[in-house]
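1. 3D, please:
(2 chains)
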Amino acid sequence: MENLDIEQIILKSLAEKLSEDEVQRLESWRGAHPGNEAEYQAYLTSWDHAGHYSASGWNTERAWLKLQDRIAPENQPVKVHFVKRIPLLRRIGSVAAVFLLLATITYGVFELTQKKAFQSVSALEQDLELNLADGTMVHLKQGATLQYPEEFKRKARMVEMTGQVYFDVARDEQKPFVVTTNRTKVTVLGTAFAVDASDEQNLVTNLYVTEGSVAFQSKRNDDVKLTVQAGQQARLEGNQLRPIKNPEFNDIAWHTNTLEFRNMRTEDAVQDISAYYHVEIDLSGSLVRDCAITAPLPFQDAPLDDVLEIMKVLLDVDIKKTGPGRYVVEGGKCK
Amino acid sequence: MEGEEKLLARFQEDPEKAFPDVFRAYYSTVCDQVYRVLGNPSEVEDVAQDIFYELYQKKDQLMIRSSLRAYLKRMARTRTLNHIRDKKWKWKEDESVLDHVQDRDAPVEMKMDAGKLREYLHAAIDRLPPKCRIIFGLKRFEGMSNREIADQLGISVKTVENQMTTALKRLTSAYRQYREDE
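-> Model (predicted):
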């Protein structure tokens, strides 16, 4: 009975305020035996960490199509209008010219309204993945925005973006896919690449190509352009467009889930790790900042602990956790 | 990046036009919230559809004083509770702590940045018996008291306590498992 009581008090303590009496009983129970305190900590930790329970991968675009079906009648008068005119045009041959004119105007109006049918998405809170009408897959990093037409009717598939976005473009030789940012224009037929326009206020735009080849161009000056191949990175900085010698593909780990360290300065490697795992790693007390580090294999989908474990071995350092998401690196030497 | 306040302002000015943006901005958030209580992705998607359909229908006469996020949060909670009530579960049969365990399907993939311990705990939550899981969800994620949960579900406070005991036993045993494996 006593045990059952204390269990209920512990449970209550997790979510509610205890009464004076309950506080005292809990305190004395915790002090009575070292095992009790451990038990109490197990409850606390489990409760705390269970709070991070969540799921990802909700398919927003599929859900949107479903919802649109439900609210369709109010929402799509334009399309219905357009479909009606076509058989009319076919039936009456003699006055076809008149109707052709009419249809052209209607089509023009239709085109105009269609141009307005631009969707815009913002990855406000977390990364967002979506499929465009042509089958192109897009991954927006948190903070990115994308504007795209519901259907690609024009000669080129045009989209506009800010922030960091990865594109896996469905191949269509007839319709190039064109991504524009404030400062740059990227043209492809069917490849995969990431554009980082998150630093455009400082006039820097990065392009990372993971598949195929991509034409990278300044928006201000069409002549400033460069073809970038798979495995390469290019940067527009001010008015200078140049390939990057040692491509920093860790910069798009948010999409690839892969971190790779080949003959890198430790400080840079640690920066990449911090950015990817959203943690703070303090190197100031260690001697390895400028050491070169090479991990034997890339880390793919690896938990942070695995990465830190390998770092410890490679650099002969001690890594201590000092708080949630905070680590301190100590000691070590270049090898 | 458009801020939430700006989006709300656009939504109040021209609800029809801004609705798709609102949907895209908050769909995942709403699903997450409902998922934390219901746990079954396909049920979650159904409930989320109803929430946004309701929002669409009400969009022209809405008065949102706080924020869209807070408004949708309240809607999500109400809809989730209604959904549970509509199941017309026989809660009474389920009062025993040593309740028969039935593992449910694995949930949708977990977030990558969750640490190992969280993976253990999340797996344990996923394996809670369905009703136990819902009671835990209402308590942990919706912050409801035992009394509120009991009233909502038409069961006794004792049952809520028992189910919470079961849930926490499972979680702490997952925690110990994690300690052993590490």
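2. pull up the per-residue confidence for B:Trp91.
-> Looking at B:Trp91, its pLDDT is 60.
3. ok, now B:Ser145?
-> 90.
4. that one - how many residues pack around it?
-> 15 (other C-beta atoms under 10 Å in any protein chain shown). Placement of C-beta: from N, CA and C, glycine included.
5. so who does it touch?
-> Taking C-beta atoms under 8 Å, 6 or more residues apart in numbering or on different chains, we find B:Ser145 in contact with A:Ala15, A:Glu16.
6. at 7 Å instead, please
-> A:Glu16 (C-beta atoms under 7 Å, 6 or more residues apart in numbering or on different chains).
7. longest strand in chain A, by residue count?
-> In chain A, assigned by DSSP state E, the strand with the most residues is strand A:157-168.
8. how about that one: buried residues?
-> For strand A:157-168, a neighbour-count test (16 or more other C-beta atoms under 10 Å in any protein chain shown) marks A:Arg157, A:Met158, A:Val159, A:Met161, A:Thr162, A:Gly163, A:Gln164, A:Val165, A:Tyr166, A:Phe167, A:Asp168 as buried.
9. so the last one bridges to which residues?
-> A:Asp168 has these beta-bridge partners by DSSP bridges: A:Met137, A:Ala192.
10. that one touches A:Asp134, doesn't it?
-> No - contact between A:Asp168 and A:Asp134 fails when scored by C-beta atoms under 7 Å: they sit 11.4 Å apart.
11. my guess is B:Thr166 is in a helix, correct?
-> Yes - using DSSP: H, G, I helix; E, B strand; the rest coil, the assignment for B:Thr166 is a helix.
12. what about it, distance to A:His52?
-> To A:His52, B:Thr166 is 21 Å away according to C-beta to C-beta, to the nearest Å.
13. equivalent analysis for A:Leu128, please.
-> Distance from A:Leu128 to A:His52, by C-beta to C-beta: 20 Å.
14. do B:Met164 as well
-> Look at B:Met164 and A:His52: by C-beta to C-beta, they are 19 Å apart.
15. contacts made by stretch A:266-278 with the rest, please.
-> Applying C-beta under 7 Å, 6+ apart, the external contacts of stretch A:266-278 come out as A:250, A:253-254, A:259, A:261, A:280-281, A:283, A:288-291, A:293, A:304, A:307, A:315, A:325, B:113.
16. buried members of those into ChimeraX, please.
-> The buried subset of the contacts of stretch A:266-278, as determined by 16+ other C-beta under 10 Å, is captured in ChimeraX by this line:
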select /A:250,253,254,259,261,281,283,288,291,293,304,307,315
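17. phi first, then psi, for the residue lying closest to A:Thr187 once chain neighbours are set aside.
-> Once flanking residues are discounted, A:Thr187 sits nearest to A:Ala215: 4.4 Å by C-beta to C-beta, 6 or more residues apart in numbering or on different chains. Dihedral pair for A:Ala215: phi -90, psi 120, per degrees, to the nearest 10.
18. check the one 5 residues further on too.
-> Dihedral angles of A:Arg220 (phi, psi; degrees, to the nearest 10) stand at phi -70, psi -40.
19. burial count for it?
-> By other C-beta under 10 Å, 12 other residues sit near A:Arg220.
20. related to what we said a few turns ago, quick check on A:Leu128 and A:His52: which one has the bigger neighbour count.
-> Per other C-beta under 10 Å, whichever of A:Leu128 and A:His52 has more neighbours is A:Leu128, with 25 against 15.
21. distance of the residue lying closest to the more buried one once chain neighbours are set aside relative to A:Asn202?
-> Of all residues not flanking A:Leu128 in the chain, A:Leu140 sits nearest, at 4.4 Å (C-beta to C-beta, 6+ apart). The gap separating A:Leu140 from A:Asn202 is 21 Å, by C-beta to C-beta.
22. neighbour count winner among these two?
-> Between A:Leu140 and A:Asn202, counted using other C-beta under 10 Å, the more crowded position is A:Leu140 (24 against 9).
23. surely that one is in contact with A:Leu124?
-> No - using C-beta under 7 Å, A:Leu140 is not in contact with A:Leu124; the gap is 10.0 Å.
24. re earlier: check contacts around the residue nearest to A:Thr187.
-> A:Val186, A:Thr187, A:Lys225, A:Thr227.
25. excluding chain neighbours, what is closest to the first one?
-> If I follow you right, that is A:Val186. Nearest to A:Val186 is A:Val179, by C-beta to C-beta, 6+ apart, at 4.4 Å.
26. where's that neighbour relative to chain B, distance?
-> Relative to chain B, A:Val179 is positioned 17 Å away (criterion: C-beta to the nearest C-beta, to the nearest Å).
27. what of A:Lys141?
-> Going from A:Lys141 to chain B by C-beta to the nearest C-beta gives 11 Å.
28. tell me how many other residues crowd that residue.
-> A:Lys141: 19 surrounding residues under other C-beta under 10 Å.
29. so A:Gln119, which of the three states?
-> A:Gln119 - assigned by three-state DSSP - is strand.
30. so it sits against B:Pro20, correct?
-> Yes - counting by C-beta under 7 Å, B:Pro20 is a contact partner of A:Gln119 at 6.3 Å.
31. can you give me the helices in chain A?
-> A:2-15, A:20-32, A:34-50, A:60-75, A:77-91, A:96-116, A:253-256, A:266-277, A:304-315 (DSSP state H).
32. mean pLDDT for these: which is lowest?
-> Among these, helix A:77-91 carries the lowest mean pLDDT (a mean of 35).
33. so what are the domain limits for the chain?
-> Unless you meant another one, I'm taking chain A. Listed domain ranges for chain A are A:2-50, A:60-116, A:122-249, A:257-330 (source: automatic domain parsing).
34. that was the other one, I meant chain B.
-> For chain B, automatic domain parsing gives the domain ranges B:4-86, B:92-181.
35. any chance of those in CSV, plus distance to A:Gly57?
-> CSV is the format used below for those (distance: least, C-beta to C-beta, whole Å):
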stretch, distance to A:Gly57
domain B:4-86, 9
domain B:92-181, 5
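36. weakest of these by average pLDDT?
-> Note on the domains of chain B: lowest mean pLDDT is at domain B:92-181, with a mean of 76.
37. what distance separates that domain from the centre of its chain?
-> Counting by C-alpha atoms, centre = their mean, to the nearest Å, domain B:92-181 is centred 12 Å from the centre of its parent chain.
38. again, but for stretch A:253-272
-> Computed by C-alpha atoms, centre = their mean, the chain-centroid distance of stretch A:253-272 equals 17 Å.
39. go on, stretch A:129-139?
-> Taking the mean of its C-alpha atoms, stretch A:129-139 sits 13 Å from the chain's own mean (C-alpha atoms, centre = their mean).
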